[in-house]
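Asker: sharing a model that was predicted from the sequence below.
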Amino acid sequence: MSPTRFSGTDRYVATDDLMMAVNAAVTLGRPLLVKGEPGTGKTQLAEEVALALNRPLIQWHIKSTTKAQQGLYEYDAVSRLRDSQLGDARVHDIGNYIVKGKLWEAFTHEVQPVVLIDEIDKADIEFPNDLLLELDRMEFHVYETQQTVKARYRPVIIITSNNEKELPDAFLRRCFFHYIRFPDKETMERIVRVHYPDLKKRLLSEALEAFFEIREVPGLKKRPSTSELLDWIKLLVAEDIPPEALRGDQHKLIPPLYGALLKNEQDVHLFERLLFMSRRKKD
Amino acid sequence: MMTDFFLKLRKAGLPVTLTEFLTLLEALSQRVTAHNIEEFYYLARATLVKDERHYDRFDQVFSSHFKGLETLFHEMIGATVPLEWLHKLAELTLSEEDKQLIESLGGWKKLMETFAQRMAEQEGRHQGGNKWIGTAGTSPFGAYGYNPEGIRIGQETSRHRRAVKVWDRREFRNLDDTIELGTRNIKVALRRLRRFAREGAAEELDLDGTIRSTARNAGYLDLRMVPERHNAVKVLLFLDVGGSMDDHVRVCEELFSAARGEFKHLEYFYFHNMVYEGLWKDNRRRYTEKTETLTVLRTFGQDYKLILVGDATMSPYEITYPGGSVEHFNPEAGDVWLNRLLAVFPRAIWLNPQHQNRWSYIPSIQMVRELMGERMFPLTLEGLEQGIRALQRAR
Ligand SMILES: Nc1ncnc2c1ncn2[C@@H]1O[C@H](COP(=O)(O)OP(=O)(O)OP(=O)(O)O)[C@@H](O)[C@H]1O
Ligand SMILES: [Mg+2]
């Protein structure tokens, strides 16, 4: 028997409210919509839920050109035309040209899978509406072959959004919703720990200190997130930077390798300017 | 009582629907949450709120509705109640006498002090009894123990660091879009601007519309009028950049891009703190590529509406004295230039991203506001609406 409750994994730190949202979605068989700043672990969540519940994971990454229909199936008319010109016998069965989409795959799995619909807001504004019925009833109809595909087990559906577009109300009503708040220091410490269990305590606390300070710099276009912090720590370790180098007089501090934290050129300029100004003030 | 909660949420302006409310009841009956109000709070939030900007408002309603645990448990009897909750309810049914006894311990502060003390005294686990902290019994500190002020001490080891209830911490305060313009609000405001852009008396014959409606009218002539073309609104947008405006960059960017998308005739310029003889269009080349303010005055007609966006937070010298600017030497004072602008563009407003309740403490804001003839509005949805209305009224 697979476990039915999710409480994080040894690679992923889940807060209590996130666990509750996941478990509600799993129990009731309704989609969970997850939003949050970039790098707050939205995408990884689905992987971890699949891992923890011991289910297969089916990933559907959405692009601006993705259509809802592609998640169900596509009719490959071009192949069929080609086959008919080549006199291939396959041409008589239209079923040969029906290409299954991710949801079809999920609906027909022998065990209940976890489905990730990643970055739904990238698609056209109508995309979520086009999936309403399918997500609600967990079935759809294939016109070309007159068959109905019905979910054997309602998959656990996890949908992520970066807030680029507003999602339609009718869609939202059918989902559970969770907003991943940017981790506080304590949670962040736990997150770093799962990635770098052997990290020296001092280095970790100095790095966190510096990281949260940089996040506070007013006017940044892109504040560094969890993934940047993890990259930065990796560099610090690789370069063997001592914890002392991260500390010191607050305003004089230029964290080493801060390019890993600030990736936007404007932000780097802003940051350097601020440092320059505060140093000039002090000298 | 649960229904009440639902109604209160709606009253507070949260777009909760019956579907979602039923989902919550279903989740309760399926025992998604078993034991405590904190979990119930998370569950309710995940079910009923679909926009993080509404979290704060939800927290407030939740806090006022579920004050004290007792109410929660009582009200739940009517609905589908998870069994565990009932157990706890039973544990809570104490006699009046018992309650008085507990009340005699005194207020919250006293309770907490005593709690800390008992924690220190306690050796090992204790079931029931009057003095020690146990999992049941009349001690006010036990996990399920009755206590007159509804303070709950956690059941799990990590819980007591959460003595302040999650929903009372109001951690989502700054995501509420009534405080600042969010993307959604900008959209709403946009719609308003659009209507405004098309308003005006219908004085011109709409040929296409007339033909269409005449046909629909079975051939009987049905005249259609539209507002005259030249009524399309023209907007001059002046944006303060840099310095104290850094805090408001995001909201200004949102407003700017919204306005850009909305108005066909939009001209924008940047300034710093106060308007002087020069404005610029590209912030990176502000020192090399200035546009003379006089040119702007001459180029754009009276029919342009002027919207200035700035926090008006500066030294009063920057407004009233020649040479008062922080950046350069200005031969003429800021107020002279602002008045010149207002003379040419009588329809003008100033939008201020600074929180309105700070305005009265900042002298420069008062001064600019006076210069604007009180037409300064906060850069919030409400303020924007008022501002648009003011722009429509003749001065
Ligand atoms: N709670 C967490 N526990 C462990 N690792 C985390 C957690 N949150 C984020 N991370 C790490 O941060 C990185 C970014 O995570 P992920 O790609 O899932 O974020 P995302 O929210 O999907 O970002 P984006 O919006 O950019 O797609 C990953 O390396 C992930 O391991
Ligand atoms: Mg992602």
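Answerer: Looks like it came in fine. Residues are numbered from 1 along each chain as shown, chains lettered A, B, ... in the order given. Ligands and ions are numbered 1, 2, ... in the order given.
Asker: going forward, measure contacts and count neighbours with C-alpha atoms only.
Answerer: Fine.
Asker: which stretches in the stretch 1-150 of chain A count as helices?
Answerer: A:16-28, A:42-53, A:68-72, A:77-86, A:102-107, A:127-130, A:132-137 (DSSP state H, counting those that start in this stretch).
Asker: just the stretch 201-350 of chain B next, same as before
Answerer: Under DSSP H, counting those that start in this stretch, the stretch 201-350 of chain B gives helices at B:207-216, B:249-262, B:293-299, B:317-320, B:334-344.
Asker: is any residue of the second one near chain A?
Answerer: Yes - taking C-alpha under 8 Å from any C-alpha of the partner chain as the criterion, helix B:249-262 and chain A are in contact, through B:Val249.
Asker: packing partners of that helix?
Answerer: helix B:183-198 (3 or more C-alpha pairs under 8 Å, 6 or more residues apart in numbering or on different chains; DSSP states H and E).
Asker: picking that back up, rank the helices of the stretch 1-150 of chain A by pLDDT, which is bottom?
Answerer: For those, the weakest mean pLDDT is recorded on helix A:77-86, namely a mean of 78.
Asker: now the helices of the stretch 1-150 of chain A as JSON lines including distance to ligand 1 and mean neighbour count?
Answerer: Putting these into JSON lines (distance: least, C-alpha to the nearest ligand atom, whole Å; neighbours: other C-alpha atoms under 10 Å in any protein chain shown) gives the following:
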{"stretch": "helix A:16-28", "distance to ligand 1": "10", "mean neighbour count": "22"}
{"stretch": "helix A:42-53", "distance to ligand 1": "4", "mean neighbour count": "21"}
{"stretch": "helix A:68-72", "distance to ligand 1": "20", "mean neighbour count": "19"}
{"stretch": "helix A:77-86", "distance to ligand 1": "34", "mean neighbour count": "13"}
{"stretch": "helix A:102-107", "distance to ligand 1": "19", "mean neighbour count": "23"}
{"stretch": "helix A:127-130", "distance to ligand 1": "18", "mean neighbour count": "18"}
{"stretch": "helix A:132-137", "distance to ligand 1": "22", "mean neighbour count": "16"}
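Asker: any chance of those in CSV, plus distance to A:Ala210?
Answerer: Compiled in CSV, these are given as follows (distance: least, C-alpha to C-alpha, whole Å):
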stretch, distance to A:Ala210
helix A:16-28, 27
helix A:42-53, 24
helix A:68-72, 43
helix A:77-86, 57
helix A:102-107, 43
helix A:127-130, 40
helix A:132-137, 44
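Asker: so for A:Asp118, which of those sits nearest?
Answerer: A:Asp118 lies closest to helix A:42-53 among the helices of the stretch 1-150 of chain A, at 6.6 Å (C-alpha to C-alpha).
Asker: relative to helix A:16-28, how tilted is that closest one?
Answerer: 60 degrees (axes from the mean of the first three to the mean of the last three C-alpha atoms, to 10 degrees).
Asker: helix A:42-53 and chain B in contact?
Answerer: No - applying C-alpha under 8 Å from any C-alpha, one finds helix A:42-53 separated from chain B by no less than 15.0 Å.
Asker: where along the chain do the strands fall?
Answerer: Going with chain A. A:32-36, A:57-61, A:73-75, A:98-100, A:114-118, A:139-142, A:147-150, A:156-161, A:176-180 (DSSP state E).
Asker: nope, chain B please
Answerer: Here chain B has its strands, by DSSP E, at B:202-205, B:225-227, B:234-240, B:265-271, B:278-280, B:290-292, B:304-309, B:348-352, B:376-378.
Asker: and these: which comes nearest B:Asp56?
Answerer: Once these are compared by C-alpha to C-alpha, strand B:376-378 is nearest, at 21.4 Å.
Asker: and that closest one, which strands flank it?
Answerer: strand B:348-352 (parallel) (DSSP bridges).
Asker: quick one: contacts of the partner strand?
Answerer: For strand B:348-352, contacts defined as C-alpha atoms under 8 Å, 6 or more residues apart in numbering or on different chains pick out B:305-312, B:342, B:372, B:375-379, B:383-384, B:387, B:390-391.
Asker: what inclination does that strand have with respect to helix B:249-262?
Answerer: Using the same axes, to 10 degrees: strand B:348-352 against helix B:249-262 is 140 degrees.
Asker: out of the helices of the stretch 201-350 of chain B, which one sits most buried?
Answerer: helix B:317-320 (a mean of 20; mean count of other C-alpha atoms under 10 Å in any protein chain shown).
Asker: which other helices and strands contact that one?
Answerer: The contact analysis (3+ C-alpha pairs under 8 Å, 6+ apart) places helix B:317-320 against helix B:334-344.
Asker: and the helix it packs on, what does it pack against?
Answerer: helix B:317-320, helix B:363-371.
Asker: ok, back up a step: the strands of chain B: which one's closest to A:Arg80?
Answerer: strand B:265-271 (52.0 Å).
Asker: got the angle between the closest one and strand B:234-240?
Answerer: Put simply, strand B:265-271 runs at 20 degrees to strand B:234-240, going by the same axes, to 10 degrees.
Asker: give me the contact list for strand B:265-271.
Answerer: B:233-241, B:259-260, B:278-283.
Asker: also stretch A:144-151?
Answerer: So stretch A:144-151 is contacted by A:94-95, A:104, A:106-108, A:138-142 (C-alpha under 8 Å, 6+ apart).
Asker: can you get me the start-to-end distance on that stretch?
Answerer: 19 Å (C-alpha to C-alpha, to the nearest Å).
Asker: re earlier: select only the buried ones of the contacts of strand B:265-271 in PyMOL?
Answerer: To isolate the buried members of the contacts of strand B:265-271 in PyMOL, using 16 or more other C-alpha atoms under 10 Å in any protein chain shown:
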select buried, chain B and resi 233+234+235+236+237+238+239+240+241+259+260+278+279+280+281
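Asker: where's B:Trp350 relative to ligand 1, distance?
Answerer: Distance, B:Trp350 to ligand 1, using C-alpha to the nearest ligand atom, to the nearest Å: 36 Å.
Asker: for that residue, name its beta-bridge partners.
Answerer: What pairs with B:Trp350, by the bridge criterion (DSSP bridges), is B:Leu308, B:Met376.
Asker: what's the neighbour count on it?
Answerer: By other C-alpha atoms under 10 Å in any protein chain shown, 26 other residues sit near B:Trp350.
Asker: and the pLDDT for it?
Answerer: Note on B:Trp350: pLDDT of 95.
Asker: measure it to B:Leu379 for me?
Answerer: For B:Trp350 relative to B:Leu379 (C-alpha to C-alpha), the value is 9 Å.
Asker: quick check: B:Thr19 vs A:Leu103, distance?
Answerer: Distance of B:Thr19 to A:Leu103, computed by C-alpha to C-alpha: 24 Å.
Asker: where does the stretch 151-283 of chain A have low pLDDT?
Answerer: Applying pLDDT under 70 to the stretch 151-283 of chain A flags residues A:248-254, A:277-283.
Asker: how many neighbours does the residue lying closest to A:Pro224 once chain neighbours are set aside have?
Answerer: In this structure, A:Pro224 finds its nearest non-sequential neighbour in A:Leu261, 5.4 Å apart by C-alpha to C-alpha, 6 or more residues apart in numbering or on different chains. Residues contacting A:Leu261 under the criterion other C-alpha under 10 Å number 25.
Asker: hmm, A:Leu261 is touching A:Glu228, no?
Answerer: Yes - assessed by C-alpha atoms under 8 Å, A:Leu261 is found in contact with A:Glu228 at 5.2 Å.
Asker: pLDDT value on the closest residue to B:Phe345 other than its chain neighbours, please?
Answerer: Nearest residue to B:Phe345 in three dimensions, chain neighbours excluded: B:Gln302, at 5.4 Å (C-alpha to C-alpha, 6+ apart). Looking at B:Gln302, its pLDDT reads 83.
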